[in-house]
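>>> When you get a sec, could you give me coordinates for this:
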Amino acid sequence: MVKKSESNSSAHEMAKNIAEKLSNLKTKAKSRQSLNKSINDLHQTADVPDISLITSTPPPIRRESAGTPGSQKMELLKQQMEVNRQKLAERKNSKKEIEEMVSQLRANFSSAQQSLEHSSELGRSMGDLSSLSYTPGKSKVKSTTDLSFTPLNLDKERIKFLENRIRHLEKQQEKVVSSPDEIVALQKRIQELEESLSEKEDLENDNQVQTLQARIKELEETLSNQEDNQIKDLKFQLEERLKEIEHLKTGDNIEIEDLRYQLDEKIHQIESLKHQSGSQEEIDSLRALLDQKEHDIQELKKLKEKIQVQAVTTIFDDEMEQQLRDEMEDLKQKLEKSADENESLVKENKELKEVNDMLETLRCDLKVKNSELEEKIVQMEESQRFEIVTKEEVETTQIGDEFMSKIRELESKIQLLEQENEELKGSQNLSQISDENAVDAIKEMESTLDQQRQKIQSLEDQLAEKVIECNVLNANFSVLEEKLKSTATPKTLFPSADEASDAEIVKLKTQLDEVNKSMIKMKVKSKQQQKQIDNFKKMSSANDEIIKLNEEIEKLQGKIKELESSQIESIDIDEVEINALKEKVSQLTAENAELHHKLSDKASSSEKAEGEEKCLETCERVSFLEEQLQKTIDEKDGISSN
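You can find the predicted model right below:
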């Protein structure tokens, strides 16, 4: 295109130059016409000096006799000299006039190339005239007859020269007259050139138009193909968006039903715990969350309706682009809402921390109660009396269980919110947000989600460890219960049976020690193997080893059961003591269950150490109970021996 524009500009410049040349030729023709007029004037001026010369010729001087005196001759010579001077002055004037005419001719012929040659000839002719002019200083002294004939000869020569000059000018005039034919030919040539230029320009313009039309067709085809592809892509995106909206609608309905069900449960729990904990704020926050969810569902329904209407009415117009931009803005608003939901999650985490604080206070209370119970146990050992757990303690344990259920519900709510965040993330990826602020927000959300997932994984690992420890404690308590059941056999009335029972008691003591040692070893092995199982579960190629370890654990558990079944069956202990021990064991199992719930629900690193301390305390108490059992058995042995 640039080359074509340059060629067009050069063609226009050529046309302008040709037009200027035509104008110059026209001016030259006009100047030549004026030359003809000046030549005619020259003819007239040339005739005038001839007349003056003819008229100014003095009459012939009469020859006088030779007897005239010399003074008269001198006077005659003086008169003739004056006449000659007058003639010379007239000649000078005529010469000046001729020079002026020549200068005019030179000025007229300066534009043409031939005028220079003619001007040089005029210069030569003027040089000839100057050579022919009379110089009085160099003239010799002649006679009166010679002086009388010299001006006549000069005038004749002057007339001849002017006639020749006029003929020469007439020939030039004829040549000049023939020049208009050349001008006409040049004009025709110029017209032909202009026509050829116009034809070339038309051809170039036609070629340009054809190339442009071909290019436009190609662009239209490419645009149509691109539009078809874009239409297909956007239709596919619309279908996916509609599916997502339906999925979100169903998911939101399910979530709303779940949240409503959870709310109902929460309300029942909160009504039961209103006098103990101020949970009205939690209810308000949950209601606000429900309102936000319903509002989001309504907005999604509106978006679905809008998208359906847009898919039916208009497919890729400017209005569609604006509506898509509005959808982008709505998605941004949803991102902001998700950020608000994250803030609400943070608030819920704060509430969880508060609940953890409450649980810590409960733990402190439980520690105090445990210390009181230990004191009571010491008193019971002294007085061999056991007391039953009061109703208040049972209520405190129930309150702790309710708090733990509340924590579980909050964790389930966090999981639901995480699922919602993941769904929003999927919808954002499908919508292909091109805004940098939205991309930054998504990255921040992803980083926060990754952090939360890492925290959840770490908490799950901690919970798994705590569950293992609690399972070990439960196994210990089950062993103690079986021991108590085995000791609940009736006494024998005969002394031979007492002696046999004494021997059996000694054997059973040794068996108890061995069983306890083996139990400790088995527990250590089971812990190690459980850790190995957890490690092997993370590996894809460790299934066989996990199966082997599980089989070994089952074998160990079978051995433990066999050892427990082979324990004491006929120890003579009073039924009151057995019942008291059973109650104590049940109390310890309840405390163990509470600790299990607390450890499974509390997921913080600071509480991990406290849970381990509690587990150690429970283990110590179990060992303490075992020692008490042995002491009671020893006391019974002493009583029976006495």
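
>>> Where does the prediction get shaky in the stretch 51-200 of the chain?
Applying pLDDT under 70 to the stretch 51-200 of the chain flags the ranges 51-70, 102, 104-155, 173-183, 186-187.

>>> do that again at 80, thanks
Segments of the stretch 51-200 of the chain classed as low confidence (criterion: pLDDT under 80) are 51-74, 77, 91, 94-95, 97-163, 165-198, 200.

>>> Give me the secondary structure label for Leu463.
At Leu463, secondary structure determined by DSSP: H, G, I helix; E, B strand; the rest coil is helix.

>>> Now do it against Ile456, distance only.
As for Leu463, its distance to Ile456 is 10 Å (criterion: C-beta to C-beta, to the nearest Å). All C-beta spots, glycine's among them, are computed from the backbone N, C-alpha and C.

>>> With Glu423 instead?
Applying C-beta to C-beta, the value for Glu423 to Ile456 is 18 Å.

>>> same deal with Lys235?
In terms of C-beta to C-beta, Lys235 sits 39 Å off from Ile456.

>>> go on, Leu77?
Leu77 sits 152 Å away from Ile456, going by C-beta to C-beta.

>>> So the two - more neighbours on which side?
With neighbours defined as other C-beta atoms under 10 Å, Leu77 and Ile456 compare such that Ile456 has more, 15 against 12.

>>> host element of the more buried one?
For Ile456, the host element (DSSP states H and E) is helix 436-487.

>>> What's the separation between Glu460 and Leu345?
Where Leu345 is concerned, Glu460 sits at a distance of 18 Å (C-beta to C-beta).

>>> So for these two, which sits in the more crowded spot?
Neighbours per residue, other C-beta under 10 Å: of Glu460 and Leu345, the larger number sits with Leu345, 18 against 11.

>>> That one sits in which helix or strand?
Using DSSP H and E, the element containing Leu345 is helix 318-383.

>>> if you average pLDDT over stretch 448-459, what comes out?
Averaged over stretch 448-459, pLDDT sits at 72.

>>> Alpha carbons of it, as CSV, please.
Written as CSV, here are the backbone C-alpha positions of stretch 448-459 (Å, rounded to 0.1, in the frame of the first residue of the first chain):
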residue,chain,number,x,y,z
THR,A,448,-5.1,-20.1,52.2
LEU,A,449,-6.8,-23.4,51.2
ASP,A,450,-3.4,-25.1,50.9
GLN,A,451,-2.5,-23.9,54.4
GLN,A,452,-5.8,-25.1,55.8
ARG,A,453,-5.4,-28.5,54.1
GLN,A,454,-1.9,-28.8,55.5
LYS,A,455,-3.2,-27.9,59.0
ILE,A,456,-6.0,-30.5,58.6
GLN,A,457,-3.5,-33.2,57.5
SER,A,458,-1.3,-32.4,60.5
LEU,A,459,-4.4,-32.5,62.8
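
>>> Need the per-residue pLDDT for Glu617.
The model reports Glu617 with a pLDDT of 64.

>>> ugh, typo on my part, it should be Ala311
Each residue has a pLDDT score; the one for Ala311 is 54.

>>> what's around Glu341, how many residues?
19.

>>> Leaving out chain neighbours, which residue sits closest to it?
Spatial nearest neighbour of Glu341, chain neighbours left out: Leu417 (6.0 Å); criterion: C-beta to C-beta, 6 or more residues apart in numbering.

>>> In which helix or strand does that neighbour reside?
Applying DSSP H and E, one finds Leu417 within helix 391-431.

>>> Show the average pLDDT along that helix.
60.

>>> cool, stretch 242-258 as well?
Computed over stretch 242-258, the mean pLDDT rounds to 66.

>>> Make residue 1 into 33 and carry on from there
Will do, 33 is the new start, and the previous item becomes stretch 274-290.

>>> Check which residues of stretch 238-251 are buried.
Neighbour counts over stretch 238-251 (16 or more other C-beta atoms under 10 Å) mark no residue as buried.

>>> Can I get it in PDB? Just the C-alpha atoms.
Extracted C-alpha coordinates of stretch 238-251, given in PDB (Å, rounded to 0.1, in the frame of the first residue of the first chain):
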ATOM      1  CA  ASP A 238      -8.400  -1.500 -10.200                       C
ATOM      2  CA  ASN A 239      -5.600  -3.800  -9.100                       C
ATOM      3  CA  GLN A 240      -5.500  -2.300  -5.700                       C
ATOM      4  CA  VAL A 241      -9.300  -2.600  -5.400                       C
ATOM      5  CA  GLN A 242      -9.100  -6.200  -6.500                       C
ATOM      6  CA  THR A 243      -6.300  -7.000  -4.000                       C
ATOM      7  CA  LEU A 244      -8.200  -5.200  -1.300                       C
ATOM      8  CA  GLN A 245     -11.400  -7.100  -2.100                       C
ATOM      9  CA  ALA A 246      -9.500 -10.400  -2.100                       C
ATOM     10  CA  ARG A 247      -7.900  -9.500   1.200                       C
ATOM     11  CA  ILE A 248     -11.300  -8.400   2.600                       C
ATOM     12  CA  LYS A 249     -12.800 -11.700   1.500                       C
ATOM     13  CA  GLU A 250     -10.000 -13.600   3.200                       C
ATOM     14  CA  LEU A 251     -10.400 -11.600   6.300                       C
END
